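[1] Pasted the sequence and its predicted model underneath.
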Amino acid sequence: MGRPPEGRSLTDPDFSASGPFGGFGPEDLLACYARGVFPMAEARDDPRVFIIEPDQRGVIPLDAFHIPARLRRTVRSEPFEVRIDTAFEAVLDGCAAAQGPDREDTWINAPIRRLYAALFAMGHVHSIECWKDERLVGGLYGVSLGGAFFGESMFSRERDASKVALVHLVARLRKGGWTLLDAQFLTEHLSQFGAVETPQATYLRRLKPALMVVPDQAALLGQMNGTEAVALATA
């Protein structure tokens, strides 16, 4: 869910062809995830999209997810209302606006927006949202394919909002039978949750069986309180 500059560019899809997606559409994007690569752009105003295959892959083990003690208390206290898939475009905007030590500019450009909006309409993209006083204050989004969930980006406008969203995501993935949570790159932020770095070849061996899993989508979309989220995420 971080976007450091590491990784190898495999190709530069042609978005100059006619049609809303040029020569590369949402089905092509799903095929990329299925073979272990993913897209990114250099900057918001750069129309190019590169397909990246990192040498090392960041993975958050669903069976070894760690929640720091203070965050456990925060999640249980429910400072935010957690909603699923009610404001995907707003989450995308929040992620595009977010800056931090891993990036100075967003990698979410216009072609990326169109592609993920199409996947959201197809039911393959989900947003985990934290709301406070009817204001979106944080969240994350990612791609679901089989029993694999590919975390794309997260943002916070209130302390711990993206972290609460991540705990809720992991709880729902575990409850629904997902087996792989891909974080793309390992960052210091994700390390606190038990994220590890694994060679791409090892990642691909884990990805193949995960894609064959048929998870319970209702578990991802259903209601869950903070106490349940902590218990399920760390069970």
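    Yep, that arrived. Residues are numbered from 1 along each chain as shown.
[2] Would you point out which residue is most central in this structure?
    Taking C-alpha atoms, centre = their mean, the centroid of the chain lies closest to Gly151, which sits 1.8 Å from it.
[3] which stretches of this protein form helices?
    The residue ranges that make up the helices of the chain, judged by DSSP state H, are 26-34, 69-77, 88-97, 110-122, 161-176, 188-191, 200-211, 217-221, 226-234.
[4] Just list the residues touching Pro215, thanks.
    The contact partners of Pro215, by C-beta atoms under 8 Å, 6 or more residues apart in numbering, come to 144, 146-147, 173, 176-178. All C-beta spots, glycine's among them, are computed from the backbone N, C-alpha and C.
[5] Out of the residues you listed, which end up buried?
    Among those, those classed as buried by 16 or more other C-beta atoms under 10 Å are 144, 146-147, 173, 176, 178.
[6] average model confidence for the lengthiest strand in the chain?
    When the chain is scanned for its longest strand (criterion: DSSP state E), the result is strand 135-145. For strand 135-145, the per-residue pLDDT values average out at 97.
[7] now it and helix 161-176, what's the angle there?
    Taking axes from the mean of the first three to the mean of the last three C-alpha atoms, to 10 degrees, strand 135-145 and helix 161-176 form an angle of 40 degrees between their directions.
[8] residue ranges with poor pLDDT in the chain?
    For the chain, the stretches flagged by pLDDT under 70 are 1-23, 44, 98-107.
[9] check contacts around the nearest residue to Thr227 once chain neighbours are set aside.
    With C-beta to C-beta, 6 or more residues apart in numbering as the criterion, Thr227 has its nearest non-adjacent residue at 5.2 Å, and that residue is Arg76. Neighbouring residues of Arg76 by C-beta under 8 Å, 6+ apart: 226-227, 230.
[10] Which positions within stretch 132-146 qualify as buried?
    Residues of stretch 132-146 classed as buried: 136-146 (neighbour count, 16+ other C-beta under 10 Å).
[11] This completes my enquiry, with thanks.
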